[in-house]
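A.B. asks: give me a 3D structure for the following:
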Amino acid sequence: MAARKTRNSVSGRVDGQVVQAGTITGPVTMHSSGIALPVWARVALIGVAAAVVALTVVVLTRSEPEPELRAVVAVGPGRCAGGWVVPPPAGPVTVVDRPEGSVQADQGQVAVTLQGSTSAAVVLQSMRVEVVSRRPAMSGVWLQTPCEGDVKPRSFGVDLNKPTAAAIGLPGRSSGEKVPAPSFPFQVNESEVEQFLITPNVSTDDVEWRLRVTWTSGDRRGETVVDDNGRPFRTTATTGVSASYCADLASSTWHPSTPSARCATLRSPAEASLVGTWRGAGTLTIAQDGTATWTTGSGTATIRLLSILDQKATADVVASTTPEIAAGERLSLVYFSDGITAYTQLGAELSWCRPDIACR
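C.D. replies: Predicted coordinates:
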């Protein structure tokens, strides 16, 4: 005869602890022992339960995504002093937006468009450069780019000679009118964007780098890394190039200068007739190797010429004890047989002339 199956059951209210000893084989009925939890313990349990419910409601009812910052990047050759550096080519190079195997030259340009992901305001607080790697300047050929008329608004310079540096707003011109240097903060959302034009400066190195943009939105803070589609940006000085090619837009090629399509030629300080002493805003003395000393009544600056083209040059301030210019500042020079005019990135202008010629 088969054993009759039994079922355990629990009925009634159970307070306190329950202890099982051994194996239960028959029906079980549990009755309250009459020992209730203290009032304070019940209140505490009710509070914990209410808090859990409240937290659950907050998570479940949150529908809007958290704001974040999005970036779209375009790497370009910049204007005048920028361009591309490529390994020595076998012939003319086709003019394209970004030649194969090219590295952006010093004074190129990176356009960064920033946009919020929601309607909530995202306040851009600061932007700085982070250097990832550094090596000697790339050798090869410098593909020059034509000059443009205006320096656009929202332009910033970053100094790649330093491991980290803030982006410095640069004054510009728009439709011939001077535009003050931009400064943080800025504000974006999903319908309002900001575009920044970044000009990287590097003296003698080939540098990989990224931008880091810090932002706030309400009580949230974040930092967005901006790079070249997942890779660091790369910018090289032009101190390692052996020749410069100019762009012939009629044939859509870069090639060496010819009588019919002449481009600016790289020169040494001696070839450009810059060696010697110049007077005006203090005394400027330029040596054969391109180093220069500027002495004023308030101090002395050491300047290094980086690239010298026909009537144009770039230079960096290596050290300075004079308040007119600071160490690390980039100078753009325009020179003639009788005079030199230098423009700092922040818009200051300095002029020197040959000792026997009065400066205009």
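
A.B. asks: distance of the closest residue to A81 other than its chain neighbours from W209?
C.D. replies: Spatially, and ignoring its direct neighbours in sequence, A81 is nearest to Q107 (3.9 Å; CB to CB, 6 or more residues apart in numbering). The way it works is simple: take the backbone N, C-alpha and C, and place the C-beta from them, glycine included. Look at Q107 and W209: by CB to CB, to the nearest Å, they are 14 Å apart.

A.B. asks: one more: L266?
C.D. replies: As judged by CB to CB, L266 and W209 stand 25 Å apart.

A.B. asks: which of those two has more neighbours?
C.D. replies: Just comparing L266 and W209: by other CB atoms under 10 Å the higher neighbour count belongs to W209, 24 against 17.

A.B. asks: return the residues in contact with that one.
C.D. replies: By CB atoms under 8 Å, 6 or more residues apart in numbering, the residues touching W209 are V129, E130, V131, V132, V158, L160, P200, P232, F233, R234, T235.

A.B. asks: the nearest residue to the fifth one once chain neighbours are set aside: neighbour count?
C.D. replies: Closest residue in space to V158, ignoring its immediate chain neighbours: V129 at 4.2 Å, by CB to CB, 6+ apart. The criterion is other CB under 10 Å. On that basis, V129 has 25 neighbouring residues.

A.B. asks: SS state for D356?
C.D. replies: Of the three states, D356 takes coil according to DSSP: H, G, I helix; E, B strand; the rest coil.

A.B. asks: which residues sit in contact with it?
C.D. replies: Here D356 is in contact with no residue (CB under 8 Å, 6+ apart).

A.B. asks: gap between it and L305?
C.D. replies: Distance check for D356 against L305: by CB to CB, it reads 23 Å.

A.B. asks: cool, and G108?
C.D. replies: In this view, G108 and L305 are 19 Å apart by CB to CB.

A.B. asks: over to R79?
C.D. replies: 20 Å.

A.B. asks: got it, and A287?
C.D. replies: Going from A287 to L305 by CB to CB gives 10 Å.

A.B. asks: which residues are common contacts for those two?
C.D. replies: Common contacts of A287 and L305 (CB under 8 Å, 6+ apart): P269.

A.B. asks: ok, the two, which is more surrounded?
C.D. replies: Neighbour count, other CB under 10 Å: between A287 and L305, L305 has more, with 22 against 13.

A.B. asks: quick one: the helices in the protein?
C.D. replies: 39-61 (DSSP state H).

A.B. asks: mind giving me the domain ranges of it?
C.D. replies: The chain breaks down into these domains under automatic domain parsing: 69-245, 267-353.

A.B. asks: what's the end-to-end length of the longest one?
C.D. replies: Domain 69-245 has its terminal residues 39 Å apart, counting by CA to CA, to the nearest Å.

A.B. asks: gap between it and the chain center?
C.D. replies: Remark: domain 69-245 is offset 6 Å from the chain centroid, using CA atoms, centre = their mean, to the nearest Å.

A.B. asks: now it: mean pLDDT?
C.D. replies: Across domain 69-245, pLDDT averages out at 90.

A.B. asks: number of nearby residues for F336?
C.D. replies: By the criterion of other CB under 10 Å, F336 has 10 neighbours.

A.B. asks: that one is in contact with Q311, isn't it?
C.D. replies: Yes - with contact defined as CB atoms under 8 Å, F336 reaches Q311; the gap is 6.7 Å.

A.B. asks: show the contacting residues for the closest residue to Q109 other than its chain neighbours.
C.D. replies: Excluding the flanking residues, the one nearest Q109 by CB to CB, 6+ apart is G78, at 3.9 Å. When contacts are counted by CB under 8 Å, 6+ apart, G78 is found next to Q104, A105, Q107, G108, Q109, T145, T199.

A.B. asks: considering these, which possesses the most neighbours?
C.D. replies: Neighbour count (other CB under 10 Å) singles out A105 as the most crowded of the contacts of G78, with 29 neighbours.

A.B. asks: what sits opposite it in the beta ladder?
C.D. replies: T236 (DSSP bridges).

A.B. asks: looks like it contacts R234 (just checking).
C.D. replies: No - between A105 and R234 there is no contact under CB under 8 Å: 10.6 Å.

A.B. asks: how about the contacts made by the residue nearest to S191 when sequence neighbours are not counted?
C.D. replies: Of all residues not flanking S191 in the chain, S119 sits nearest, at 7.4 Å (CB to CB, 6+ apart). Shown in contact with S119 (CB under 8 Å, 6+ apart): N189, E190, S191.

A.B. asks: is it possible to mark the buried ones in these?
C.D. replies: Neighbour-count burial (16 or more other CB atoms under 10 Å) applied to those gives N189.

A.B. asks: the residue most central in space within the chain and V75, how far apart?
C.D. replies: Nearest residue to the geometric centre of the chain (CA atoms, centre = their mean): L211, 3.0 Å. Counting by CB to CB, the separation of L211 from V75 is 12 Å.
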